[in-house]
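Q: Please work out how this folds:
(2 chains)
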Protein chains: 2
Amino acid sequence: MKGAESLLRALAHAGVDTYFANPGTSEIDIVAAFDHVAGLRVVPTLFEGVATGAADGYGRMLHKPAVALLHLAPGLAHGLGNLHNARRAHTPVIAIVGEHPRDHRQYDSPLGGDLRGMAEIVSSWVATCEDPERLPEYAQMAAAAARKPPGHVASLIVPTDVSWSECDPAGLAADLPLDSEPIRDDDIQSIAEIVASGDTFAFLLGGSATLADPLRTAARVAAQFGASLYHDTLCTRLTRGAGLPRVKRFPFYVDDAYAELKETKHLILVGTVDPVLFLAQPEKPSRLVPEGCEVHTLAKVDQDASAALQSLAAALSTPETGAELVELSRPELPTGNLDANTLAQVLGALLPENAIVSDESITSGFMLMEATEGCPQHDWLFLTGGCLGQGVPVGIGAAIACPDRKVVCLEGDGSSMYTIQSLWTAAREQLDVTIVVFANRAYAILQFELARATGSADFEPTARDLLDLSNPTIDFVALAKGLGIEASRVATSEDFARAFGDAMEQPGPKLIEVAL
Amino acid sequence: MKGAESLLRALAHAGVDTYFANPGTSEIDIVAAFDHVAGLRVVPTLFEGVATGAADGYGRMLHKPAVALLHLAPGLAHGLGNLHNARRAHTPVIAIVGEHPRDHRQYDSPLGGDLRGMAEIVSSWVATCEDPERLPEYAQMAAAAARKPPGHVASLIVPTDVSWSECDPAGLAADLPLDSEPIRDDDIQSIAEIVASGDTFAFLLGGSATLADPLRTAARVAAQFGASLYHDTLCTRLTRGAGLPRVKRFPFYVDDAYAELKETKHLILVGTVDPVLFLAQPEKPSRLVPEGCEVHTLAKVDQDASAALQSLAAALSTPETGAELVELSRPELPTGNLDANTLAQVLGALLPENAIVSDESITSGFMLMEATEGCPQHDWLFLTGGCLGQGVPVGIGAAIACPDRKVVCLEGDGSSMYTIQSLWTAAREQLDVTIVVFANRAYAILQFELARATGSADFEPTARDLLDLSNPTIDFVALAKGLGIEASRVATSEDFARAFGDAMEQPGPKLIEVAL
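A: Just a heads-up that it's a prediction; the model follows:
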């Protein structure tokens, strides 16, 4: 057996069976080995950022890693942006990166680069396997490192000759343990005392705490004491909709956060960290929590947030019921012009139960969450690391992970263009993904920030043109056609409702360009 | 004056006036400052890899840096692949990367990452300017670091608050010196002795030695002693065509290189390094030079290759004439089916004088260099670092650098898709760029390597499908239309000749999809 095959077998043994691949020559033995291991799903991409983003989306939904198969330093470089997002999402992802053969690395050949240094920037675990016989062991370590709570990017560098060498891999040991840092009773007790003290408090939930069970537990405690419930501004995966607790999104800007927390004495973090500004602003503090509000941690990011909340509820004898739940309610379908409000109403009116929303809609989407709050239960995946080009790749990974669920990717026109090649993979795999591009023909978020920086919305020519996407206008219907996806352009609420409704009814990839 | 403006002014003072930009909020003050400094050219891109690749193409043609303006860790990550290529090309490039404000960096906010570590992987010089008053000095250092022979990637990290702060920049010092490592007379003398010894020898030219003047000098010496003349397999910029010396391309594979050099006693490097395999292969040595051939260095990569050759010619009393020059000759226009041979003939028949060719054609292009050898003088830009997605970005940069020259980008269908967003920038700037996509509907180079690795061209299903680009077929005419570029699809030699001929006659961006 070649090393490459032993690698794939060991990963399969560890439950890793899905590959998003943009391989090159140094991975060719891995490519050849795909057909020698049963049950693998191998998904090609036209750019490495699509592979890494898809692995992120997959890991967010299944809480187990897929592999992004990358080619040497160039492949890892191209995939780095969406690995940054995966790192910020605490998603389990394995990057397998081919490297020059062991005795070739001493030469500074063109594809060479500091692969390890690059991997370390986005990974919690990086290793190079120097011995074909040890590939199974390294595969197992990579899988364990990726799955270690809350989830990590693990990068395994495999020299080409390690892949192509014959080997006689030893039997695999039992899976490595995945213990998270334990939660101490004392910590639960001290949070219970704060909660029961009569002081005002709020929960801020992130990481694994924004799934249905921990949300429900937190909501019960919040209801018991009249506390507020927030989720991180950017969540890895937020389960929401009718029947789930009402949770407010934590504010993005510091003034809003201060206003929100001005009566709150304690902010209790569950699966997340002390919130700070996404982008700092002149004269504004970085921390989003005002001085008078004390921050406490019930569960750190790498602890079991759900268990911590259960323990807290037990300590407080919290009733099983009482949480404020969202009632099923959808906006009316709007008519007339499309704008941020009406497009949100269309989505709220039509988003199907169990949908997965990958949200990279930036400015066009600021009313979406409110409009969809009362929809049937669904999951919302956020742009965790701020690296654009995440939306469709993450949607692709989610669709591969959950083939029975409708995936809706909400994209800005600017953000969609960073990884527009992703459409081809959606077409090739005939994924049940609907991509909605909100085409406002501008980097609107930057226009907003430029106006703030300059104190004027009357921009000078170079700055104005630099943030403008209308010259030439991008024709997303043509792009979708070019990459094998059925598409339409809509400019009214009625047309958007019709196109989006049809896409929700029919399986398979679709793109809708919403002309704003 | 804001720090951002003082930065741009200092760069302009150092001769840096061209920006390929994909900015974000942390660069917004730089965006605002563009209109306050006269004479800047600011070119927007839809993806950072386009910006960095364009800066590479610009620097290759003008031997001075353009700026790639990037947004924090995500922007640098997306731009890293083409900075890898620029590093391998020894191109002067300045990456300006916005960073969080100084007092915000202590917080681990979503866009944060190891910016410095990432920059160091591709840069010869990295600095963070912590003081607005010192921005001009840092700008000058960055420009000098980028221009230091032979050319480098210099990365300047600018915290947002350094950009937005008011400053009173001091007057600029004189430009920093750009001394290259001097060439010692002793070294010239010892090479002269080898050359005159009567032993067989060959020159291998790379870096700055593949421009017209050093090529002519090397060719005179080679003719004087009956020696061979090679250029690197992958050159930053090779000036070639009728009237220039005949120079052979150094072989890519080790067997070919061994055969080529089997009678050669000495290989003399000029502006390049001891050649090694691009990708190592089982049972093959990494070095491309056989044991019996001694390697000597006339000029290292960072030395003045042209001056070294002049000194050598002077030491050898080389006659002014005698170099074997290429005669003007073009292939006949072919008829019938398009294949690697006939498409090369079309290009050879029609490539205009002074064209700049950005070559990322991979397998489809393996006959192109021979077919165009006798064309009127032109420049050929190679894929120096092997990171795909270079071709059109480099062509864009070359077109901005040399607006009076026709740029021809030769692309594989696979390679073009890594940075397909680049078409929009070519359309927006109405650049005189013709993009030819050789659509063989496959990662053909990998099919070739897979056949070699497995010993069979009869691939198993997963491997076969992974290297196939025909499901769905990519419609490049639709993609071009979607991004504002006039395009056509051709399937015969006659149609390709007509479309390519028309594109050579008419200015402005065009795309031709060659169905193979």
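
Q: For residue A:296, the count of nearby residues, please.
A: 14 (other Cβ atoms under 10 Å in any protein chain shown). (Glycine included, C-beta is placed from N, CA and C.)

Q: close to chain B, is the helix or strand where it lies?
A: If you go by DSSP states H and E, residue A:296 is part of strand A:294-299. No. Applying Cβ under 8 Å from any Cβ of the partner chain, one finds strand A:294-299 out of contact with chain B, separated by at least 13.0 Å.

Q: In terms of secondary structure, what does that strand contact?
A: Judged by 3 or more Cβ pairs under 8 Å, 6 or more residues apart in numbering or on different chains; DSSP states H and E, strand A:294-299 is in contact with helix A:185-196, strand A:266-270, helix A:305-315.

Q: Give me whichever of those is most buried.
A: Burial of the helices and strands packed on strand A:294-299 is given as mean neighbour count (mean count of other Cβ atoms under 10 Å in any protein chain shown); strand A:266-270 ranks first at a mean of 24.

Q: which residues are contacting that one?
A: Strand A:266-270 has contacts (Cβ atoms under 8 Å, 6 or more residues apart in numbering or on different chains) with A:191, A:194-195, A:199-206, A:209, A:214, A:218, A:261, A:289, A:293-300, A:305, A:308-309.

Q: ok, that strand: who's next to it in the sheet?
A: When pairs are called by DSSP bridges, strand A:266-270 turns out to pair with strand A:201-205 (parallel), strand A:294-299 (parallel).

Q: circling back: so the strand holding residue A:296 versus helix A:185-196, what angle?
A: In terms of direction (axes from the mean of the first three to the mean of the last three Cα atoms, to 10 degrees), strand A:294-299 departs from helix A:185-196 by 130 degrees.

Q: quick check: domain ranges of chain A?
A: Chain A breaks down by automatic domain parsing into domains covering A:3-164, A:185-315, A:340-515.

Q: So which of the ones you listed is the most surrounded?
A: domain A:3-164 (a mean of 25).

Q: average pLDDT for that domain?
A: For domain A:3-164, mean pLDDT rounds to 97.

Q: Relative to the whole chain's centre, how far out is that domain?
A: Relative to the chain's own centre, domain A:3-164 is displaced by 18 Å; criterion: Cα atoms, centre = their mean, to the nearest Å.

Q: May I see the domains of chain A organised as CSV, with distance to residue B:87 added?
A: Formatted as CSV, the domains of chain A follow (distance: least, Cβ to Cβ, whole Å):
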stretch, distance to residue B:87
domain A:3-164, 8
domain A:185-315, 29
domain A:340-515, 22
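
Q: my guess is residue A:148 contacts residue A:178, does it?
A: Yes. Using Cβ atoms under 8 Å, residue A:148 is in contact with residue A:178, at 5.9 Å.

Q: got the CA positions of stretch A:235-246 in CSV?
A: Only the C-alpha atoms of stretch A:235-246 are listed here, as CSV (Å, rounded to 0.1, in the frame of the first residue of the first chain):
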residue,chain,number,x,y,z
CYS,A,235,-21.8,33.2,15.2
THR,A,236,-20.4,30.0,13.9
ARG,A,237,-23.9,28.5,13.7
LEU,A,238,-27.0,30.0,15.3
THR,A,239,-30.1,27.9,15.4
ARG,A,240,-33.1,30.1,15.4
GLY,A,241,-36.6,30.7,14.4
ALA,A,242,-40.1,29.7,15.7
GLY,A,243,-40.1,27.6,18.8
LEU,A,244,-36.6,28.7,19.8
PRO,A,245,-35.8,31.2,22.4
ARG,A,246,-35.7,34.9,21.5
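
Q: Identify the residues contacting residue A:398.
A: Taking Cβ under 8 Å, 6+ apart as the test, what residue A:398 contacts is A:57, A:58, A:60, A:61, A:356, A:358, A:381, A:405, A:407.

Q: how about a cut-off of 10 Å?
A: A:54, A:56-62, A:237, A:356-358, A:379, A:381, A:405, A:407-409, A:431, A:433 (Cβ atoms under 10 Å, 6 or more residues apart in numbering or on different chains).

Q: Residue numbers of the stretch 151-300 of chain A in contact with chain B?
A: A:159-161, A:163-165, A:232-234, A:273-282, A:284-288 (Cβ under 10 Å from any Cβ of the partner chain).

Q: again, only using 6 Å
A: Residues of the stretch 151-300 of chain A lying close to chain B (Cβ under 6 Å from any Cβ of the partner chain) are A:164, A:276, A:278, A:279, A:280, A:282, A:286.

Q: Double-check that the fourth one belongs to a helix.
A: No. In this structure, residue A:279 is coil, not part of a helix, as judged by DSSP: H, G, I helix; E, B strand; the rest coil.

Q: My guess is it contacts residue B:28. True?
A: No. In this structure, residue A:279 is not within contact of residue B:28 by Cβ atoms under 6 Å, at 9.5 Å.

Q: So for residue A:431, what's the nearest residue that isn't a sequence neighbour?
A: Spatial nearest neighbour of residue A:431, chain neighbours left out: residue A:399 (4.0 Å); criterion: Cβ to Cβ, 6 or more residues apart in numbering or on different chains.

Q: Surely that neighbour touches residue A:430?
A: No. Taking contacts as Cβ under 6 Å, residue A:399 lies outside contact range of residue A:430: 9.8 Å.

Q: which non-adjacent residue is nearest residue A:5?
A: Leaving aside its sequence neighbours, residue A:5 sits nearest to residue A:33 (Cβ to Cβ, 6+ apart; 4.1 Å).

Q: Mind checking what secondary structure the one you found has?
A: helix.

Q: Could you pull up the contacting residues of it?
A: Listed by Cβ atoms under 6 Å, 6 or more residues apart in numbering or on different chains, the contact set of residue A:33 reads A:4, A:5, A:8.

Q: related to what we said a few turns ago, what residues does the strand holding residue A:296 touch?
A: Residues from elsewhere that reach strand A:294-299, judged by Cβ under 6 Å, 6+ apart: A:191, A:266, A:267, A:268, A:269, A:270, A:271, A:274, A:289, A:305, A:308.

Q: Determine which of the strands paired with strand A:266-270 approaches residue A:417 most closely.
A: Using Cβ to Cβ as the measure, strand A:201-205 is the one of these that comes nearest residue A:417, at 32.7 Å.

Q: any idea what sits nearest residue A:152, other than its immediate chain neighbours?
A: By the measure of Cβ to Cβ, 6+ apart, the closest residue to residue A:152 outside its immediate chain neighbours is residue A:124, 3.7 Å from it.

Q: Tell me the helices and strands packed up against the helix or strand hosting residue A:51.
A: Element membership for residue A:51 (DSSP H and E) is helix A:48-62. Here helix A:48-62 touches strand A:18-21, strand A:66-71, helix A:72-89, helix A:391-401, going by 3 or more Cβ pairs under 6 Å, 6 or more residues apart in numbering or on different chains; DSSP states H and E.

Q: quick check, the longest one touching chain B?
A: Looking back up the chat, that one is helix A:72-89. Yes. Judged by Cβ under 6 Å from any Cβ, helix A:72-89 comes into contact with chain B at A:74, A:77, A:78, A:80, A:81, A:84, A:88.
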